[in-house]
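Novice: pasting the structure only:
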Ligand code: NAD
């Protein structure tokens, strides 16, 4: 298969970590008989430096022409970088919002995995962390409260602010289908999270998810109220496989889930649209404080590349080979500085990429 991959190296540590992810993809392609065409795409600060704007029409067209896009991270030091002297619509992060919109990326996937070897970084009690966990949070990204009508009015001299939380059944159905498809590739369980005891939008959410579930008899569906889910994530995270939820609940729960893993340099993410296209990137930012030092952890980006193989290209065996290689390197005690622990061997960005390649 030829994989046509757009590549946004981005800013800060972006180019360093994307270089390692590409190295790993090349190794997988070589081993399994695929070829890869990369198209470099400028976005964020790197695009501002060349074009004066964080995202050009050309960059959008290049992304659209790719099967998937692999991204490092964008942005600089928000207090010292000249990019942040520009008006908000011209700053690096505006490019990210614009590309998500242009590509209609409505489904955000954030895995939260606690590796046995990194259990020490988990802030939860040992009896909970010892069980490990491996969940995927699937968050609706383009609807709900953040995109609803909002206004601030004054009634009888009292200011009043109104935000609107609206979902139509089509918006719910398309993300539910994605969640069940992804559960089929994992442990076949979906926990749909809502506030159906209070909100109409949640009652519709629940009804549509129940309908979609009928097409997936192998998948176990459960519904959970969002307040309970927030508790369960710290009490018993091992119970979850795929968590499906709307925009604001997902915003909060995915941050909570990543915190309990304790390792920001390990967390991948993806944003998908109606087709098989996806934008794959680490959950962390561009870490300008360590950029250019060769010490950034490339694993989140490497695992994002693995997600790309699994969800855009349906290459599960190839994706497994990356995930296994990452686990193996951790088992052998190699660590970048951010996840370093006593008795382990500290390595830099490039060495970590090399070790993962060697184990594929
Ligand atoms: P950050 O995630 O870049 O860094 C937070 C801390 O984690 C820093 O100490 C950093 O050194 C460390 N860190 C992050 N990734 C690491 C890695 N792979 N290996 C080792 N250490 C790592 O968050 P921030 O400092 O709040 O933001 C920096 C810039 O990144 C800002 O411009 C912000 O807007 C941008 N940002 C971009 C994205 C994105 O591209 N999607 C996401 C978040 C933040």
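Specialist: Here it is on my side, so go on. Source: prediction; values computed, not measured.
Novice: contact residues of the chain facing the ligand?
Specialist: With CB under 6 Å from any ligand atom as the criterion, the chain meets the ligand at residues 13, 73-76, 78, 93, 96, 264-265, 281, 284-290, 296-297, 300, 338. C-beta: built from backbone N, CA, C; applies to glycine.
Novice: look up how far residue 76 lies from the residue in the stretch 151-300 of the chain positioned nearest to the ligand.
Specialist: Proximity of the stretch 151-300 of the chain to the ligand (CB to the nearest ligand atom) peaks at residue 285, 2.5 Å away. Using CB to CB, to the nearest Å, residue 285 is found at 10 Å from residue 76.
Novice: out of these two, which sits in the more crowded spot?
Specialist: Using other CB atoms under 10 Å as the criterion, residue 285 and residue 76 rank with residue 76 on top: 21 against 18.
Novice: how near is the more buried one to residue 89?
Specialist: Using CB to CB, which is the criterion applied here, residue 76 is 17 Å from residue 89.
Novice: same deal with residue 129?
Specialist: 43 Å.
Novice: same thing with residue 191?
Specialist: Note on residue 191: its distance to residue 89, by CB to CB, is 38 Å.
Novice: check residue 207 too.
Specialist: Separation of residue 207 from residue 89 (CB to CB): 39 Å.
Novice: with residue 235 instead?
Specialist: 42 Å.
Novice: which residues of this protein fall in helices?
Specialist: Using DSSP state H, the helices of the chain run over 14-32, 45-51, 57-64, 92-102, 126-129, 169-184, 200-213, 226-235, 247-261, 299-311, 316-331, 349-358.
Novice: count of neighbours near residue 25?
Specialist: Residue 25: 25 surrounding residues under other CB under 10 Å.
Novice: burial measure for the closest residue to it other than its chain neighbours, as a count.
Specialist: Leaving aside its sequence neighbours, residue 25 sits nearest to residue 305 (CB to CB, 6 or more residues apart in numbering; 5.3 Å). Using other CB under 10 Å, the number of residues around residue 305 comes to 25.
Novice: residue 305 touches residue 21, doesn't it?
Specialist: Yes. The pair residue 305 / residue 21 is scored as a contact, 4.4 Å apart, by CB atoms under 8 Å.
Novice: overlap in contacts, those two.
Specialist: Listed as contacting both residue 305 and residue 21 by CB atoms under 8 Å, 6 or more residues apart in numbering are residue 70.
Novice: one step back: distance to residue 272 and mean pLDDT added to the helices of the chain, as JSON lines?
Specialist: Putting those into JSON lines (distance: least, CB to CB, whole Å; pLDDT from 0 to 100) gives the following:
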{"stretch": "helix 14-32", "distance to residue 272": "18", "mean pLDDT": "98"}
{"stretch": "helix 45-51", "distance to residue 272": "23", "mean pLDDT": "97"}
{"stretch": "helix 57-64", "distance to residue 272": "14", "mean pLDDT": "98"}
{"stretch": "helix 92-102", "distance to residue 272": "11", "mean pLDDT": "91"}
{"stretch": "helix 126-129", "distance to residue 272": "30", "mean pLDDT": "90"}
{"stretch": "helix 169-184", "distance to residue 272": "6", "mean pLDDT": "97"}
{"stretch": "helix 200-213", "distance to residue 272": "16", "mean pLDDT": "98"}
{"stretch": "helix 226-235", "distance to residue 272": "22", "mean pLDDT": "97"}
{"stretch": "helix 247-261", "distance to residue 272": "14", "mean pLDDT": "93"}
{"stretch": "helix 299-311", "distance to residue 272": "7", "mean pLDDT": "97"}
{"stretch": "helix 316-331", "distance to residue 272": "15", "mean pLDDT": "97"}
{"stretch": "helix 349-358", "distance to residue 272": "25", "mean pLDDT": "98"}
